[in-house]
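Trainee: the following block contains a protein sequence and its predicted model.
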Protein chains: 2
Amino acid sequence: MPNMEDILTIGKLVDPLLIEYLRRDISNPLQNIVLHQFKAGGKRIRAALAILSCEASGCLREQGLNGAALVELIHNYSLILDDIIDRGDIRRGSPTTRAVYTEAMALLAAMCYRESITELANACHNPEEVRHIMVSTIREVIEGERLDILMEQSGRSGKYIEKNRLRSISFKDYVGMIGKKTASLIKASCEVGCVEAGASENFREALSKYGWHVGLAFQVADDFLDIFGEKTGKTKGKDIIEHKLGNVVILYSLQSLSDSDRKALLTTIRKDTISKNDLVYVLALIDKTDARSESKRLAYKYIEESKRNLTILPDTEAKRNLLFLADFIIKRTY
Amino acid sequence: MPNMEDILTIGKLVDPLLIEYLRRDISNPLQNIVLHQFKAGGKRIRAALAILSCEASGCLREQGLNGAALVELIHNYSLILDDIIDRGDIRRGSPTTRAVYTEAMALLAAMCYRESITELANACHNPEEVRHIMVSTIREVIEGERLDILMEQSGRSGKYIEKNRLRSISFKDYVGMIGKKTASLIKASCEVGCVEAGASENFREALSKYGWHVGLAFQVADDFLDIFGEKTGKTKGKDIIEHKLGNVVILYSLQSLSDSDRKALLTTIRKDTISKNDLVYVLALIDKTDARSESKRLAYKYIEESKRNLTILPDTEAKRNLLFLADFIIKRTY
């Protein structure tokens, strides 16, 4: 029977590679800074997805390791930069690179991550194809981050952002944003695993679609935790405090609230700073709606869709792990 | 007769490539942000060096264009990030990407530059070798920037930096820092030109050493302008205001001032903020020494050394341009 511990162990197989490539050809003080984000942990889900996709395509696990390390580094590269962009001091319960080493040093560390990513691509079995996925995925993540920032309703100063904020966001806008911000890299993780395995076009397409939908579900669940979660090391109502409209729970609430309640929610989320009372008020408005169950329903829909794509794959342990992993995202959240 | 206008025209040959690669596969709003740094101008010296090195190695100019665009993009990538690190609002007399589009968007733009750099490397004639130079050069620039930051004596908050500031800096430390921060990329520009031309090992070594010494002279001259310059769009005494000890003029001054004057200079440069009076005072202390002429002597020494390396090259227009360019760095400064 698949279990999450085994899957996490598979993801952690890339850790020695991450250390090796992150430390390569940089000074000792810089190594300390660079390894901070690595040491902060993380579940290596993207690495696990790449390795499992490689195995599910009929290849040995080892064949997928460099590609798996690469996608995991892209993820960590984006996290360091995210924390700079959001002035984040805490992630996964620990101080961020920025908080410990200053913003300037965190930026230099992120630049180092990007160079190690290039070297991992060079070491892949199909470097050309992996590089192509790498560049287009990083560009998608950048665009997703740009949209996410502009979906904030307040809090970040600067004329350009104030002028360009997205004031009304459709469900399609939202899915477009999370697709780029989150699903693109999860999809890419599966694709890199396939490319490294030399998988058939059929398998690659199946695993790519699997990854895409897992990624969408992953972000929907993350949005849910960013509103309701407490045990996850996240502040309850984090996305409300950060003025985010790009959260599925808030979007669903806006859709079903009365006109006056909708206006009240928007006015509150657009305040310069959101007090504890404001937060309680917004959470109460959200609880008037079925946003909680609707978000759950959406995450389930994406997970069902992700798993359906795997029917063409032969029944292997890797496939069973991928199916289990998809379900786990929902189970740990709802 | 070589002249600077022709050389600048050669550098500008990469502009269409820069636009093409910078815009590639990103959204229109992001294109605007990304092109801001490009449009702010710049002399494309690094591109010119790559193209001239390609030509001086006996190849057609066209052969060197992708590599030339690549090194120019690395330079502009580092400038956007520098302005984030130093919270710089003005560069070359114009507002920086950060100032116009906010820090968050400038960071995303810099990430886009890095992806275009990868794609330019893919398009090179010798991608593998160019990629190797690209990664090791970017790592050197990162390390140089790290050292430059730690050579500041005040002004930047954060425990890590306060604890790790370099309080006493030798001439060797200084050359190590500027070698990484500035000379490495100028050397790399010449090397990429050679690699793209398929130059002999002799030629590559000669042009690499030429570039290295031109780069050192370039930074020494830049340091001079950062203290004495006014016409260059720079604030007079900029590096003093920014508490920098990693400036050759300040280093030379410290070496030859009396004990009490040296202490006074250090105490002033270490103040939390440097007033107009402080600046006048430090400039007066510097004028007590021969730091001005010593810096000039050093720049001349590096330029002579750079030119000496080119003796093995056949007499071509490209070689004459390279010799002229080396001299020009001094002439425009001193």
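Mentor: Received, thanks. Numbering: from 1, shown residues only, chains lettered A, B, ... in the order given.

Trainee: please count neighbours and contacts with C-alpha atoms only from this point.
Mentor: Will do.

Trainee: measure the closest residue to chain B within the stretch 201-334 of chain A to residue A:248 for me?
Mentor: Of all residues in the stretch 201-334 of chain A, residue A:242 sits closest to chain B, at 14.9 Å by CA to the nearest CA. In this view, residue A:242 and residue A:248 are 14 Å apart by CA to CA, to the nearest Å.

Trainee: pLDDT wise, what is the residue nearest to residue A:184 when sequence neighbours are not counted at?
Mentor: Excluding the flanking residues, the one nearest residue A:184 by CA to CA, 6 or more residues apart in numbering or on different chains is residue A:137, at 6.1 Å. At residue A:137, the pLDDT value in this model is 98.

Trainee: what helix or strand is residue A:137 located in?
Mentor: Applying DSSP states H and E as the criterion places residue A:137 in helix A:127-150.

Trainee: what parts of chain A come near chain B?
Mentor: A:25-27, A:30, A:81, A:85, A:100-105, A:107-108, A:111-112, A:115, A:118-119, A:135-136, A:138-139, A:142-143, A:146, A:158-161 (CA under 8 Å from any CA of the partner chain).

Trainee: what residue lies at the spatial centre of chain A?
Mentor: residue A:182 (4.1 Å; CA atoms, centre = their mean).

Trainee: how about the contacts made by that residue?
Mentor: A:141, A:144, A:215, A:216, A:218, A:219 (CA atoms under 8 Å, 6 or more residues apart in numbering or on different chains).

Trainee: if we go to 10 Å?
Mentor: Shown in contact with residue A:182 (CA atoms under 10 Å, 6 or more residues apart in numbering or on different chains): A:75, A:137, A:140-141, A:144-145, A:212, A:214-220.

Trainee: where does the stretch 101-250 of chain A have low pLDDT?
Mentor: Counting by pLDDT under 70, the stretch 101-250 of chain A shows low-confidence ranges at A:231-234.

Trainee: returning to what we had before: can you flag the buried ones in the residues of chain A next to chain B?
Mentor: A:26, A:30, A:81, A:85, A:100-105, A:107-108, A:111-112, A:115, A:118-119, A:135-136, A:138-139, A:142-143, A:146, A:161 (16 or more other CA atoms under 10 Å in any protein chain shown).

Trainee: which residues does the residue nearest to residue A:212 when sequence neighbours are not counted contact?
Mentor: Spatial nearest neighbour of residue A:212, chain neighbours left out: residue A:187 (4.6 Å); criterion: CA to CA, 6+ apart. Residues counted as contacts of residue A:187 (CA under 10 Å, 6+ apart) are A:46, A:49-50, A:133, A:137, A:179, A:207-216.

Trainee: of those residues - the most surrounded one?
Mentor: Counting neighbours by other CA atoms under 10 Å in any protein chain shown, the top entry in the contacts of residue A:187 is residue A:50, with 37 neighbours.

Trainee: surely it touches residue A:196?
Mentor: Yes. The pair residue A:50 and residue A:196 qualifies as a contact (CA atoms under 10 Å) at a distance of 9.0 Å.

Trainee: hey, what's in contact with both of these two?
Mentor: Common neighbours of residue A:50 and residue A:196 are listed as A:64, A:65, A:66, A:67, A:68 (criterion: CA under 10 Å, 6+ apart).

Trainee: residue A:329: which of those residues is nearest?
Mentor: Closest approach to residue A:329 among those (CA to CA): residue A:68, at 19.6 Å.

Trainee: distance of the closest one from residue A:239?
Mentor: For residue A:68, the distance to residue A:239 - CA to CA - is 30 Å.

Trainee: so residue A:169, which state does it fall into?
Mentor: coil (DSSP: H, G, I helix; E, B strand; the rest coil).

Trainee: burial count for it?
Mentor: Number of residues near residue A:169 (other CA under 10 Å) recorded here: 12.

Trainee: list the residues that contact it.
Mentor: Residues near residue A:169 by CA under 10 Å, 6+ apart: A:151, A:245, A:246, A:251.

Trainee: next, residue A:124: phi, psi?
Mentor: When read as degrees, to the nearest 10, the backbone of residue A:124 gives phi -70, psi 160.

Trainee: and the longest helix for chain A?
Mentor: As assigned by DSSP state H, the longest helix anywhere in chain A is helix A:201-228.

Trainee: give the next helix or strand downstream of that helix.
Mentor: Criterion used, DSSP H and E; the element after helix A:201-228 is helix A:238-241.

Trainee: list the buried residues for the helix or strand just after that next one?
Mentor: With elements assigned by DSSP H and E, the helix or strand that comes after helix A:238-241 is helix A:248-256. Within helix A:248-256, the residues that count as buried by 16+ other CA under 10 Å are A:248, A:249, A:250, A:251, A:252, A:253, A:254.

Trainee: any idea how far residue A:66 is from residue B:117?
Mentor: Applying CA to CA to residue A:66 and residue B:117 gives a distance of 22 Å.

Trainee: repeat that for residue A:98.
Mentor: Separation of residue A:98 from residue B:117 (CA to CA): 26 Å.

Trainee: go on, residue A:109?
Mentor: In terms of CA to CA, residue A:109 sits 18 Å off from residue B:117.

Trainee: burial of residue A:3, as a residue count?
Mentor: Residue A:3: 12 surrounding residues under other CA under 10 Å.

Trainee: quick check, pLDDT for it.
Mentor: Looking at residue A:3, its pLDDT reads 95.

Trainee: so it touches residue A:317, yeah?
Mentor: No. Between residue A:3 and residue A:317 there is no contact under CA under 10 Å: 11.1 Å.

Trainee: and for those two, which residues touch both?
Mentor: By CA under 10 Å, 6+ apart, no residue touches both residue A:3 and residue A:317.

Trainee: residue farthest from the centroid of chain A?
Mentor: Computed with CA atoms, centre = their mean, the residue of chain A farthest from its C-alpha average is residue A:260, at 33.9 Å.

Trainee: in which helix or strand does that one reside?
Mentor: Element membership for residue A:260 (DSSP H and E) is helix A:259-269.

Trainee: ok and the helix or strand just after that helix relative to helix A:248-256, angle-wise?
Mentor: Beyond helix A:259-269 on the C-terminal side, the first helix or strand identified by DSSP H and E is helix A:276-287. Angle of helix A:276-287 versus helix A:248-256, following axes from the mean of the first three to the mean of the last three CA atoms, to 10 degrees, is 70 degrees.

Trainee: the inter-axis angle of helix A:276-287 versus helix A:259-269?
Mentor: Angle, helix A:276-287 to helix A:259-269, by the same axes, to 10 degrees: 140 degrees.

Trainee: from the contact counts, what lies against helix A:276-287?
Mentor: Helix A:276-287 sits against helix A:201-228, helix A:238-241, helix A:248-256, helix A:259-269, with contacts defined as 3 or more CA pairs under 10 Å, 6 or more residues apart in numbering or on different chains; DSSP states H and E.

Trainee: tell me what the shortest one is packed against?
Mentor: It stands for helix A:238-241. helix A:201-228, helix A:248-256, helix A:259-269, helix A:276-287.

Trainee: hang on, isn't residue A:58 packed against residue A:195?
Mentor: No. Counting by CA under 10 Å, residue A:58 does not reach residue A:195; the two are 11.9 Å apart.

Trainee: out of these two, which sits in the busier spot?
Mentor: Neighbours per residue (other CA under 10 Å) separate residue A:58 from residue A:195, with residue A:195 holding more: 25 against 18.

Trainee: tell me the contacts of that one?
Mentor: If you count contacts by CA under 10 Å, 6+ apart, residue A:195 has them with A:50, A:53-54, A:57, A:64, A:67, A:124-127, A:129-130, A:133, A:201, A:204.
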